[in-house]
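> got a structure for you, letters missing:
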């Protein structure tokens, strides 16, 4: 069954060649149509030369999917966007990193997915100077930790001291908070995120959109004035009038009165609002570019994600809000990694799992071993977190070693299409479908039947390819309990620069 499920993923290919002495080839066979992806951090997109090195290195190593970080911290690594152009791109306004990546990757048959950091909008150490940046234009959209709720309840968000206080607190708690977050509980912030995603999908012929930081930094967020007031209005009609009056009286001295009186409902409220944002993001992207793949980086342990990050990604897969979940299994412990990926696979009944591998903290040999583990666990693909050492040279020694060890099958250097080569026409929207039967997702499901929407002359090359689309994918049998529960958080050691 797992092999059948894997065969439904978009096809992949790799460079053939002997394994290096230090990185033996895998004995675990790759599933048909395996996705072999790289999370490409924005530091690899700062010049035409760096983009070229990244694409060439990925192709030479046998990767077929690039998740390119085009929104890092509320900025744009592409041209003409709704947010300020990233400062690291310099003065060359003619250089468009996303367009350059598409131009180089598409002829090589590689899939390009736009990676968007949704809620994380600024570093706490280096605040944006551009007045047009979301942090400077709309500081009232920022999440507030519970520890600062009373202090900032009456502070003016437009004063420099407001953002400065949030930044100082975040720096002091940098082990658990990556920076400043925009809040999905604020209508303006949610609307802005949706517009940004739709704009990218509308103007660029991308194959998918990847949502990262689509979560709360922790259960102690968001206690901003707008969030607390929104909850109060949402639940007021459901409780006795006398109770509401009593809570209002208490609220005069304690801004947390309402949420502390109903902690479970407060948790559910925040989780539901984040899920609502995920729904809106998907709808906006697919409306702008029908057939676009929607993926998300998620905390590997679903129960931890749901409880501490308020990220219910399992329901997102089940309801078709996302097509693919990428569990961030960056732990250095092999056994924990295996539990996390096996747990993610067994915990889901729809969609696909691409195992997130923290290659930045592993040797090539260890990375190859993780790929083998992900295959055994039943993941339909792997995505490696890249860092500067993966793309700093052409060809990248690290990528080459991983490719020789993990992807010795696949196509030749000439770029000819071999078994399972991805079919990506010029419109970028070729999704094979050999069945139009709807998925048995149950009442109220948002799952869609995906078919080819391309009108390109190259569309005929897609015919006969493997069926890929969440709507045609068989449902998994869910394990009664996730095997990954109790594992350390995969995000705890994640670099805050991503």
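Noted; the coordinates are in hand. What you are looking at is a predicted structure, and each value in this text was computed from that prediction instead of being measured.

> And the closest residue to residue 287 other than its chain neighbours, how far from residue 118?
Nearest residue to residue 287, sequence neighbours excluded (C-beta to C-beta, 6 or more residues apart in numbering): residue 198, at 7.2 Å. Where you see a C-beta, it was placed from the backbone N, CA and C, and this is true even at glycine. According to C-beta to C-beta, to the nearest Å, residue 198 and residue 118 sit 13 Å apart.

> Over to residue 129?
Distance from residue 129 to residue 118, by C-beta to C-beta: 23 Å.

> Look at these two and report which has more neighbours.
residue 118 (26 against 9; other C-beta atoms under 10 Å).

> Could you check how many residues crowd around the nearest residue to that one once chain neighbours are set aside?
Leaving aside its chain neighbours, residue 118 sits nearest to residue 214 (4.3 Å; criterion: C-beta to C-beta, 6+ apart). Applying other C-beta under 10 Å, we find 26 other residues in the vicinity of residue 214.

> got it, and residue 327?
Neighbour tally, residue 327, other C-beta under 10 Å: 31.

> Now the closest residue to it other than its chain neighbours: phi and psi?
Distances taken as C-beta to C-beta, 6+ apart put residue 300 closest to residue 327, at 3.8 Å, once the chain neighbours are dropped. Reported as degrees, to the nearest 10, the phi and psi values for residue 300 are phi -60, psi -40.

> Surely residue 300 is in contact with residue 328?
Yes: the criterion here is C-beta atoms under 8 Å, and residue 300 meets it with residue 328 at 5.8 Å.

> Tell me which of the two has more neighbours.
Set residue 300 next to residue 328 and count neighbours by other C-beta under 10 Å: residue 300 wins out with 30 against 24.

> Show me what the strand or helix carrying residue 165 is packed up against.
Residue 165 is part of helix 160-172, with elements assigned from DSSP states H and E. In terms of contacts (3 or more C-beta pairs under 8 Å, 6 or more residues apart in numbering; DSSP states H and E), helix 160-172 is packed against helix 149-152, strand 180-181.

> Which secondary structure elements does the helix or strand hosting residue 269 sit against?
Residue 269 belongs to helix 263-288 when assigned by DSSP H and E. Judged by 3+ C-beta pairs under 8 Å, 6+ apart, the packing partners of helix 263-288 are helix 187-203, strand 208-212, helix 225-236, strand 293-298, helix 313-318.

> Can you say which of the ones you listed is nearest to residue 138?
helix 187-203 (6.2 Å; C-beta to C-beta).

> so the closest one versus strand 208-212, what angle?
Helix 187-203 and strand 208-212 are oriented at 150 degrees to each other (axes from the mean of the first three to the mean of the last three C-alpha atoms, to 10 degrees).

> Adjust the sequence numbering to begin at 784 for everything that follows.
Sounds good: first residue 784 from here, last item helix 970-986.

> which outside residues touch helix 970-986?
Under the contact criterion C-beta atoms under 8 Å, 6 or more residues apart in numbering, helix 970-986 has outside partners 853-854, 861, 863-866, 881, 897, 899, 901-902, 917, 921, 923-924, 965-967, 989, 992, 994, 1056, 1059-1060, 1063-1064, 1067-1068, 1070-1072, 1075.

> hmm, try it at 7 Å
Under the contact criterion C-beta atoms under 7 Å, 6 or more residues apart in numbering, helix 970-986 has outside partners 853-854, 861, 864-866, 897, 899, 901, 917, 921, 924, 965-967, 992, 1060, 1063-1064, 1067-1068, 1071-1072, 1075.

> Could you give the average pLDDT over that helix?
Summarised as a single mean, pLDDT over helix 970-986 is 98.

> burial measure for the residue lying closest to residue 1063 once chain neighbours are set aside, as a count.
By the measure of C-beta to C-beta, 6+ apart, the closest residue to residue 1063 outside its immediate chain neighbours is residue 977, 5.0 Å from it. Neighbour count of residue 977, defined by other C-beta under 10 Å: 18.

> how close does residue 977 get to residue 1031?
33 Å.

> before we move on, what about residue 841?
Taking C-beta to C-beta as the measure, residue 841 falls 57 Å from residue 1031.

> Ok, residue 1073 next?
Computed with C-beta to C-beta, the distance linking residue 1073 and residue 1031 is 47 Å.

> returning to that earlier point: buried stuff in the helix holding residue 1052?
The neighbour-count check on helix 1046-1071 (16 or more other C-beta atoms under 10 Å) flags 1048-1049, 1052-1054, 1056-1058, 1060-1065, 1067-1069, 1071 as buried.

> How about stretch 1023-1038?
In stretch 1023-1038, counting by 16+ other C-beta under 10 Å, buried: 1027, 1030, 1034, 1038.

> cool, stretch 967-984 as well?
967-969, 972-973, 975-977, 979-984.

> With distance to residue 1135 as extra columns, can I get those in JSON lines?
Shown next, in JSON lines, are the buried residues of stretch 967-984 (distance: C-beta to C-beta, whole Å):
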{"residue": "967", "distance to residue 1135": "24"}
{"residue": "968", "distance to residue 1135": "30"}
{"residue": "969", "distance to residue 1135": "32"}
{"residue": "972", "distance to residue 1135": "29"}
{"residue": "973", "distance to residue 1135": "26"}
{"residue": "975", "distance to residue 1135": "29"}
{"residue": "976", "distance to residue 1135": "24"}
{"residue": "977", "distance to residue 1135": "24"}
{"residue": "979", "distance to residue 1135": "25"}
{"residue": "980", "distance to residue 1135": "20"}
{"residue": "981", "distance to residue 1135": "23"}
{"residue": "982", "distance to residue 1135": "26"}
{"residue": "983", "distance to residue 1135": "22"}
{"residue": "984", "distance to residue 1135": "20"}
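
> and which of the residues you listed is nearest residue 885?
Distances from residue 885 to the buried residues of stretch 967-984, taken by C-beta to C-beta, are shortest for residue 983, at 11.7 Å.

> now the strands for the protein?
Using DSSP state E, the strands of the chain run over 818-823, 848-854, 894-900, 903-905, 963-964, 991-995, 1076-1081, 1107-1112, 1135-1140, 1164-1168.

> Out of these, which gets nearest to residue 957?
Closest among those, once you apply C-beta to C-beta, is strand 963-964, at 11.8 Å.

> now what about the closest one, what contacts it?
So strand 963-964 is contacted by 902-905, 907, 918, 925-926, 949-950, 953, 1000, 1004 (C-beta under 7 Å, 6+ apart).

> hang on, residue 1107 packs against residue 1081?
No: using C-beta atoms under 7 Å, residue 1107 is not in contact with residue 1081; the gap is 9.9 Å.

> Comparing these two, which shows the higher neighbour count?
Neighbours were counted for residue 1107 and for residue 1081 using other C-beta under 10 Å; residue 1081 has more, 30 against 25.

> The more buried one: what's its closest spatial neighbour, skipping adjacent residues?
Nearest to residue 1081 is residue 1096, by C-beta to C-beta, 6+ apart, at 4.1 Å.
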